[in-house]
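Novice: show me the folded form of this:
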Amino acid sequence: METEQQPFAQALMSVDEIWFLFISFIESVVTPGWRQNQVLIVLGLAALCYCLHIVSGSVIDRQVRAREGWSKWQLRMIVQIKRRMGLIWFAVLAGGLYMIMQQVTWPSRSYFIGLAATLAVVWTGIAYATRLVRNRFLRRLVTWGLWIYATLYLVGVSDEVSAFLDGLALEIGDFRMSVLTLLSAAVVIGVFFTVARLISGTTASSIRKNEDISPSMQVLAVKAVQITLYGFAFFMGVKAVGIDLTGLAVLSGAIGVGLGFGLQKVVSNLVSGVIILLDKSIKPGDVISLGETFGWINSLGARYVSVVTRDGKEYLIPNEDLITGQVVNWSHSDAYVRLDIYFGTSYGCDPHQVRKLAIQAATDVDRVLSHPKLPVCHIVGFGDSSVDYILRFWIKDPTGGLTNIRGNVYLALWDVFKDNDISIPFPQREVRMLAEEQDMLRDGTEG
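Specialist: Below is the predicted model of the structure:
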């Protein structure tokens, strides 16, 4: 029983110590003297810096709007400076006043001013340093955590607050989780994640610049590096705080089994994505057809593949569909794509001349290759009213579209056939009226 009450008693003692320090500070401020004067000076500096913050923010806005060609990182930096101009002004003015008072009066008479200046500098540094954390929620959590810790440490009550937060704990057997541990874990894991993101970003940039690695292997290598670094950062952060994960082994195993049944499709897509990257069946830039979808691969994700069509639509196709379904990869082994179009001419036209003119017309169209794969034209049959041909030609940029190139070739055939009197037949019908039917129609009209 005494063991169960001990953490609660320690927490009460910590609260009493914090309350005593707070009351002592309030009494010292209320009592006339240099401490009260310093507090009033700090409040006056805060009001003055707020006014300077508004004025300097307007000046920065005018300067930025007057100039053009700012890059994104420069604009972001200016925005961050503008947001914290009040804090920067306070750090500069309070620091300058503290240095002056140190020279003209007793050091104890400027203690609170120096403390306020130090806090302003530390808060500004933390605000800019935590910008490296990309996640907004995690960045705010780390920022406020470091602000609070730095304030308590500089004020000199960090031990009392730490003891109080450590006393607020949940204990189950040998497992113990306190509020202090949770806050420390969040801050430490946030820092480790930031370092992991910076390292993974640099590594990913180096991998993408390496031309000896295929695009699919580049994506796989980047994903592997990110998973390894972020996983290492998480476990190192938990370990650095001192959280023992062995007590959660059974619970995590049960949760894992439940997630395994509930996330079968997600796991299937993840595994399919790894298989796609390993077997190199598709890669960024390939032109594919999947059902009614025709487009080129924009990016490969862990769960889906982004396919962009000619009309600007972006389809997110699950990786499992690319593994289990039939996919036409127009540029798997090379970028050359052969297209076929069919046409017919009348029997009165010379087929040798038709073939030459068709090849010439296709060769003169942009995007149609004349080397190393030449257009060819063959007779494929003798129809009821026309000689049927097939014209085959090659392109190497299927991302530019297929329908438009076919239309251009048909239009070139029309022009060259018109210039050389090559006729394209079309069905004709002749209707004959028999004498009996004419008499029946005449009787019906008279009646």
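
Novice: what residues does residue 195 make contact with?
Specialist: Residues near residue 195 by C-beta atoms under 8 Å, 6 or more residues apart in numbering: residue 233. In short, each C-beta sits where N, CA and C put it, glycine included.

Novice: let's see that with 10 Å instead.
Specialist: 132, 229, 233, 236 (C-beta atoms under 10 Å, 6 or more residues apart in numbering).

Novice: please tell me I have it right and the first one contacts residue 199.
Specialist: Okay, so that is residue 132. No. The pair residue 132 and residue 199 does not pass the contact test of C-beta atoms under 10 Å, sitting 11.9 Å apart.

Novice: rewinding a little: just the buried ones out of the contacts of residue 195, please.
Specialist: For the contacts of residue 195, a burial check counting by 16 or more other C-beta atoms under 10 Å picks out 229, 233.

Novice: tabulate the contacts of residue 195 (JSON lines), appending secondary structure, distance to residue 298 and pLDDT.
Specialist: JSON lines is the format used below for the contacts of residue 195 (DSSP: H, G, I helix; E, B strand; the rest coil; distance: C-beta to C-beta, whole Å; pLDDT from 0 to 100):
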{"residue": "132", "secondary structure": "helix", "distance to residue 298": "28", "pLDDT": "72"}
{"residue": "229", "secondary structure": "helix", "distance to residue 298": "25", "pLDDT": "81"}
{"residue": "233", "secondary structure": "helix", "distance to residue 298": "29", "pLDDT": "79"}
{"residue": "236", "secondary structure": "helix", "distance to residue 298": "34", "pLDDT": "75"}
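
Novice: and of the contacts of residue 195, the nearest to residue 294?
Specialist: residue 229 (37.2 Å; C-beta to C-beta).

Novice: what number of residues lie near the nearest residue to that closest one once chain neighbours are set aside?
Specialist: The shortest distance from residue 229 to any non-neighbouring residue, by C-beta to C-beta, 6 or more residues apart in numbering, is to residue 196 (4.1 Å). For residue 196, the count of nearby residues is 21 (other C-beta atoms under 10 Å).

Novice: then the one 3 residues further on?
Specialist: Counted by other C-beta under 10 Å, the residues lying close to residue 199 total 14.

Novice: ok, now which ones touch it?
Specialist: For residue 199, the contacting residues are 225-226, 229, 233, by C-beta under 10 Å, 6+ apart.

Novice: which parts of the host helix or strand of it are buried?
Specialist: When elements are defined using DSSP states H and E, residue 199 is found to belong to helix 179-209. Across helix 179-209, burial judged by 16+ other C-beta under 10 Å covers 180-194, 196-197, 200, 204, 207.

Novice: ok, back up a step: any chance of TSV for the contacts of residue 195, columns distance to residue 352?
Specialist: Shown next, in TSV, are the contacts of residue 195 (distance: C-beta to C-beta, whole Å):
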residue	distance to residue 352
132	73
229	68
233	73
236	78
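
Novice: which among the contacts of residue 195 gets closest to residue 110?
Specialist: Lowest distance from residue 110 to the contacts of residue 195 (C-beta to C-beta) belongs to residue 132, with 34.2 Å.

Novice: contact partners for the residue lying closest to the closest one once chain neighbours are set aside?
Specialist: Nearest residue to residue 132, sequence neighbours excluded (C-beta to C-beta, 6+ apart): residue 194, at 4.9 Å. Residue 194 makes contact with 129-135, 138-139, 142, 233, according to C-beta under 10 Å, 6+ apart.

Novice: the nearest residue to residue 321 once chain neighbours are set aside and residue 56, how far apart?
Specialist: Leaving aside its chain neighbours, residue 321 sits nearest to residue 290 (7.0 Å; criterion: C-beta to C-beta, 6+ apart). Relative to residue 56, residue 290 is positioned 56 Å away (C-beta to C-beta, to the nearest Å).

Novice: before we move on, what about residue 97?
Specialist: Distance from residue 97 to residue 56, by C-beta to C-beta: 19 Å.

Novice: what's the answer for residue 317, then?
Specialist: 51 Å.

Novice: do the same with residue 234
Specialist: With distances taken as C-beta to C-beta, residue 234 is found 41 Å from residue 56.

Novice: tell me where the stretch 301-447 of the chain has strands.
Specialist: If DSSP state E, counting those that start in this stretch is used as the criterion, the strands of the stretch 301-447 of the chain fall at 304-309, 314-318, 328-329, 337-345, 376-382, 387-395.

Novice: who's in contact with residue 49?
Specialist: Each residue near residue 49 by C-beta under 10 Å, 6+ apart is listed here: 56, 85-94, 120.

Novice: the host helix or strand of it: what's the following helix or strand?
Specialist: Element membership of residue 49, judged by DSSP H and E, is helix 34-66. Per DSSP H and E, the first helix or strand lying C-terminal to helix 34-66 is helix 72-83.

Novice: that next one vs helix 34-66, what angle?
Specialist: Helix 72-83 and helix 34-66 are oriented at 150 degrees to each other (axes from the mean of the first three to the mean of the last three C-alpha atoms, to 10 degrees).

Novice: so what touches helix 72-83?
Specialist: Residues outside helix 72-83 that contact it (C-beta under 10 Å, 6+ apart): 53, 56-61, 63-64, 67, 70-71, 88, 127-128, 131.

Novice: list buried residues within these.
Specialist: Judged by 16+ other C-beta under 10 Å, buried ones among the contacts of helix 72-83: 53, 56, 88, 127.

Novice: including secondary structure, could the contacts of residue 49 go into JSON lines?
Specialist: Shown next, in JSON lines, are these (DSSP: H, G, I helix; E, B strand; the rest coil):
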{"residue": "56", "secondary structure": "helix"}
{"residue": "85", "secondary structure": "helix"}
{"residue": "86", "secondary structure": "helix"}
{"residue": "87", "secondary structure": "helix"}
{"residue": "88", "secondary structure": "helix"}
{"residue": "89", "secondary structure": "helix"}
{"residue": "90", "secondary structure": "helix"}
{"residue": "91", "secondary structure": "helix"}
{"residue": "92", "secondary structure": "helix"}
{"residue": "93", "secondary structure": "helix"}
{"residue": "94", "secondary structure": "helix"}
{"residue": "120", "secondary structure": "helix"}
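
Novice: having no further points to raise, I will conclude here.
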